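*Asks:* For reference, the sequence and a predicted model appear below.
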Amino acid sequence: MAGLLRIELRIPSSWERIEDVRQGIRGFAKVVFADDDLEYALAMATAELLENAVKYGRQDGEISALVKEHESGFVVAVTSAVDHDADIERLHARIAWLNGFATAGDAYRARIAQLASDERGRGGMGLARIGYEADCTIEARQTGGTVTVTATRR
């Protein structure tokens, strides 16, 4: 079945589009994979990366997403324009922190514990969810004024 799924999207940086994309990706994955866990993981990883792109990317920009089948899983790559180097630095620091744990489950539980003790109630679960719930490795690459965050199902 290799190569049956390849979706390329360009959407405005808008919260309103994310749920529609999640549902659409889940529908395509249902046809290609016929595996509930894989469908959920792909749709969740795509939506979480899109949410981060909207939250941290340029509000007047466009977001590109590539979703494709990869070996026995998938790759989701989301690219957005960024204005603040500090956001890129935090992204790289968060990925390095997640990768510093023995397992994605350990990182997920540690992030939950951090959030439980943070009185400001900040978010930041998206990448941990992708790593643990979708069983993905996460990478980020900056090119000029854009950043691409890639989640690859192991």
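*Replies:* Here it is on my side, so go on. Residues are numbered from 1 along each chain as shown.

*Asks:* Pull out the buried positions in stretch 35-51.
*Replies:* Residues of stretch 35-51 classed as buried under the neighbour-count rule (16 or more other C-beta atoms under 10 Å) are 38-39, 41-51. C-beta coordinates here come from the backbone N, C-alpha and C atoms, glycine included.

*Asks:* Restricted to strands, list those.
*Replies:* Secondary-structure check on these using DSSP state E: no residue lies within strands.

*Asks:* got the contact list for Ser80?
*Replies:* Remark: with contacts taken as C-beta atoms under 8 Å, 6 or more residues apart in numbering, Ser80 is in contact with Ser13, Ala53, Val54, Tyr56, Gly57, Arg58, Gly61, Glu62, Ile63, Ser64, Thr146, Val147.

*Asks:* repeat for Gly3
*Replies:* Lys68, Glu69.

*Asks:* Assign a three-state SS to it, would you?
*Replies:* coil (DSSP: H, G, I helix; E, B strand; the rest coil).

*Asks:* returning to that earlier point: which of the buried residues of stretch 35-51 fall in helices?
*Replies:* 38-39, 41-51 (DSSP state H).

*Asks:* need those in JSON lines with distance to Met125 and pLDDT, can you?
*Replies:* Rendered in JSON lines, the data for these read as follows (distance: C-beta to C-beta, whole Å; pLDDT from 0 to 100):
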{"residue": "Leu38", "distance to Met125": "21", "pLDDT": "93"}
{"residue": "Glu39", "distance to Met125": "21", "pLDDT": "93"}
{"residue": "Ala41", "distance to Met125": "15", "pLDDT": "96"}
{"residue": "Leu42", "distance to Met125": "18", "pLDDT": "96"}
{"residue": "Ala43", "distance to Met125": "16", "pLDDT": "96"}
{"residue": "Met44", "distance to Met125": "11", "pLDDT": "97"}
{"residue": "Ala45", "distance to Met125": "13", "pLDDT": "97"}
{"residue": "Thr46", "distance to Met125": "16", "pLDDT": "97"}
{"residue": "Ala47", "distance to Met125": "13", "pLDDT": "97"}
{"residue": "Glu48", "distance to Met125": "9", "pLDDT": "97"}
{"residue": "Leu49", "distance to Met125": "13", "pLDDT": "97"}
{"residue": "Leu50", "distance to Met125": "15", "pLDDT": "97"}
{"residue": "Glu51", "distance to Met125": "11", "pLDDT": "95"}
